[in-house]
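K.L.:
Sharing a model that was predicted from the sequence below.
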Amino acid sequence: FYDGQLQVDRLSREASHNIVTTGTAARRAWCQGVDYHFIVMLRGVDLMRKLLQTSLVISTRRIANTAFNKHLFITNVTLSLSLSGMGDVLQQHHNIAYKQQATWDITRTRHMTCTGMTVGALCHHWYILLDKKLPGRTLKVVVKKLLVDQLLFSPVCLTVFFISLGFFRGGDWEEFFSNLHHKGWMLYVAEWFVWPPAQIINFYLLPTKYRVLYDNIISLLFDVYTSHICYDMKINKIDDYGENTMDKGVLKNDSEINVNNHTGKSVS
């Protein structure tokens, strides 16, 4: 720190000397502005260097290194648990703010949080396997990883998600297949708009140990949409409508569907 401060002070004195010895007033003004901004930049760099050497930052870096090097599986599952729950909390907060929901449903948040455990464990092993089978970061390899991830792993991941959600909600196999059929395709189509560009960055720039972390950061907003799809009352009522018409062979008009949307039970 002392050497860095001496360097900043020396440059400050040199800048002041340049201002005094410069010939014309215009040149002095120009030099003064340039030197001032240069000094501010150097002081900012020195301040950032000191900040990065504080005990709090050093401890945080040490904990992060331990988590991502020695306990990667636990770290990835914990991240997935936390951000899955956070995504549902954000979605419910939005619903409450816009009068679409009366109070916070803690059971729903618990169910969505628990799905992060299975999905997080699955993603942890998937990224390790993918990097082992397709090593490298060339454009060709990145494109291969992207296609395999989206075409193969994404449907598997969605299936595991709905199985987990059905298990934690105490549902049966009929409900699982209904959710997978009516809601799974919505999430899968939405994933094509989010994950291909996001995964290019993931596969090209990041090492394996940070893939699930990056995945979860991108997933935070997508988890809001996932929670919306899984618990939105209108979508659930449309699903019920589809099942009823298939079972009874009865066609209903749009007005009847709208009535059902407002009179049906909430699914939790």
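P.N.:
Great, that's in hand.
K.L.:
Could you use CA atoms for every contact and neighbour count after this?
P.N.:
OK.
K.L.:
distance of Leu158 from Leu152?
P.N.:
Here the criterion is Cα to Cα, to the nearest Å. By it, Leu158 lies 11 Å from Leu152.
K.L.:
Quick check on those two: which one has the bigger neighbour count.
P.N.:
In this view Leu158 and Leu152 are compared by other Cα atoms under 10 Å, and Leu158 has more residues nearby, 18 against 11.
K.L.:
Now do the contacts for that one.
P.N.:
With contact set as Cα atoms under 8 Å, 6 or more residues apart in numbering, Leu158 has these partners: Gly184, Leu187, Tyr188.
K.L.:
From the residues you listed, list just the buried residues.
P.N.:
Taking 16 or more other Cα atoms under 10 Å as the criterion, what is buried in the contacts of Leu158 is Gly184, Leu187.
K.L.:
now, among the contacts of Leu158, which is nearest to Ala97?
P.N.:
Leu187 (24.2 Å; Cα to Cα).
K.L.:
Helix, strand or coil: sort out the closest one for me.
P.N.:
helix (DSSP: H, G, I helix; E, B strand; the rest coil).
K.L.:
so where do the helices sit in the protein?
P.N.:
Per DSSP state H, the chain has helices spanning 2-21, 25-52, 55-69, 72-97, 106-133, 139-148, 154-168, 173-182, 184-205, 211-231, 233-248, 254-263. These are given in chain order.
K.L.:
neighbours of Asp149, just the number please.
P.N.:
Residues near Asp149, counting by other Cα under 10 Å: 20.
K.L.:
repeat for Ala67
P.N.:
For Ala67, the number of neighbouring residues by other Cα under 10 Å comes to 16.
K.L.:
residues in contact with the residue nearest to Ser82 when sequence neighbours are not counted?
P.N.:
Take Ser82 and drop its neighbours on the chain: the residue closest to it by Cα to Cα, 6 or more residues apart in numbering is Thr113, 6.7 Å away. Under the criterion of Cα under 8 Å, 6+ apart, the neighbours of Thr113 are Leu81, Ser82, Leu83, Ser84, Gly85, Met86, Asp88.
K.L.:
Glu191: neighbour count?
P.N.:
Neighbours of Glu191 using other Cα under 10 Å come to 14.
K.L.:
pretty sure Trp104 is touching His94, no?
P.N.:
No. Look at Trp104 against His94 with Cα atoms under 8 Å: they stay out of range, at 10.5 Å.
K.L.:
list the residues that contact both of the two?
P.N.:
Joint contacts of Trp104 and His94 (Cα under 8 Å, 6+ apart) do not exist.
K.L.:
Model confidence score at the residue nearest to Gln101 when sequence neighbours are not counted, please.
P.N.:
Once its chain neighbours are removed from consideration, Gln101 has its nearest residue in Asn95; the separation is 5.2 Å (Cα to Cα, 6+ apart). At Asn95, the predicted lDDT confidence score is 81.
K.L.:
Now for Val119: which residues touch it?
P.N.:
When the contact criterion is Cα under 8 Å, 6+ apart, the partners of Val119 are Ser80, Cys157, Val160, Phe161.
K.L.:
As CSV, those with pLDDT, distance to Asn179 and neighbour count would be great.
P.N.:
Compiled in CSV, the contacts of Val119 are given as follows (pLDDT from 0 to 100; distance: Cα to Cα, whole Å; neighbours: other Cα atoms under 10 Å):
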residue, pLDDT, distance to Asn179, neighbour count
Ser80, 92, 22, 30
Cys157, 91, 14, 18
Val160, 91, 12, 16
Phe161, 88, 11, 21
